[in-house]
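1. Provide a 3D model corresponding to the input given below.
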Amino acid sequence: MELTLHEDKGINPHLTTCPRCGGVGDEIVLLGAHDKKVTCQDCGQLHYGETKRSLKHTCKNCGESALVEEAIGDNEKLCGGLCTKCEEELESFQQIVADGGLHFRCKECGRQGVITACKKTQDIRERGLEMGLIKTIDAEMGIEFEKCVEHAVQGENDDKD
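-> Reported below is the predicted structural model:
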């Protein structure tokens, strides 16, 4: 792929952040002359290095046309791939689920994680099998909590004296 150099900034390098934890990313993006970004006002998708014109005035994600174009700041960090720490954590989550645990997420706070295998997770898996939510007892499965109090660990949110 050929990079068109920016007339003042050359290769125009930008650091990245991890989309999962917000920490420092493992990548450097070379924007060159492509120093614009377009945000879709409907779905929130960011399109880096694009213009409304290059997108043909429609979002690649949802197809809507409510797009806002702006310049990428000189020191702005861009969303990149997962950092090494997050990749390793997600791999460990996969192993916990493979060993009988469950994925979880909370609607209220957005937290995501896993619950290690225990009698309760086995009961949930059996119930999922009975209800036809999964085809085999060892299939990947998860649960969704409505409120934080449903997943809070005892003492996690207690006030410290």
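
2. Any chance you could list what contacts the helix-or-strand element of the chain with minimal mean pLDDT?
-> Lowest mean confidence among the helices and strands of the chain (mean pLDDT, DSSP states H and E): strand 46-48, at a mean of 87. Residues outside strand 46-48 that contact it (C-beta atoms under 8 Å, 6 or more residues apart in numbering) are 29, 31, 34, 37-40, 55, 59-60, 72, 78-79. In this view, the C-beta of every residue, glycine as well, is placed from N, C-alpha and C.

3. Distance from the lengthiest strand in the chain to the middle of the chain?
-> In the chain, assigned by DSSP state E, the strand with the most residues is strand 24-30. Mean C-alpha position of strand 24-30 versus that of the full chain (C-alpha atoms, centre = their mean, to the nearest Å) differs by 16 Å.

4. Going by neighbour count, which residues of that strand are buried?
-> 25, 29 (16 or more other C-beta atoms under 10 Å).

5. List the residues that contact residue 76.
-> By C-beta under 8 Å, 6+ apart, the neighbours of residue 76 are residue 14.

6. Quick check: the nearest residue to residue 26 once chain neighbours are set aside vs residue 113, distance?
-> In this structure, residue 26 finds its nearest non-sequential neighbour in residue 83, 5.7 Å apart by C-beta to C-beta, 6 or more residues apart in numbering. Taking C-beta to C-beta, to the nearest Å as the measure, residue 83 and residue 113 are separated by 17 Å.

7. for residue 92, same thing?
-> For residue 92 relative to residue 113 (C-beta to C-beta), the value is 11 Å.

8. Neighbour count for those two, which is higher?
-> For residue 92 versus residue 113, neighbours defined as other C-beta atoms under 10 Å are more numerous around residue 113 (15 against 11).

9. I'd guessed that one sits against residue 93; true?
-> Yes. Between residue 113 and residue 93 there is a contact under C-beta atoms under 8 Å: 7.1 Å.

10. Would you mark the buried spots in stretch 45-59?
-> Quick answer for stretch 45-59 (16+ other C-beta under 10 Å): 47, 48, 49, 50, 55, 59.

11. three-state assignment of the fourth one?
-> Think residue 50. coil (DSSP: H, G, I helix; E, B strand; the rest coil).

12. Need the nearest residue in space to it, chain neighbours excluded.
-> residue 38 (5.0 Å).

13. which ones are touching the one you found?
-> 46, 47, 50, 51, 52, 55, 67, 68, 69.
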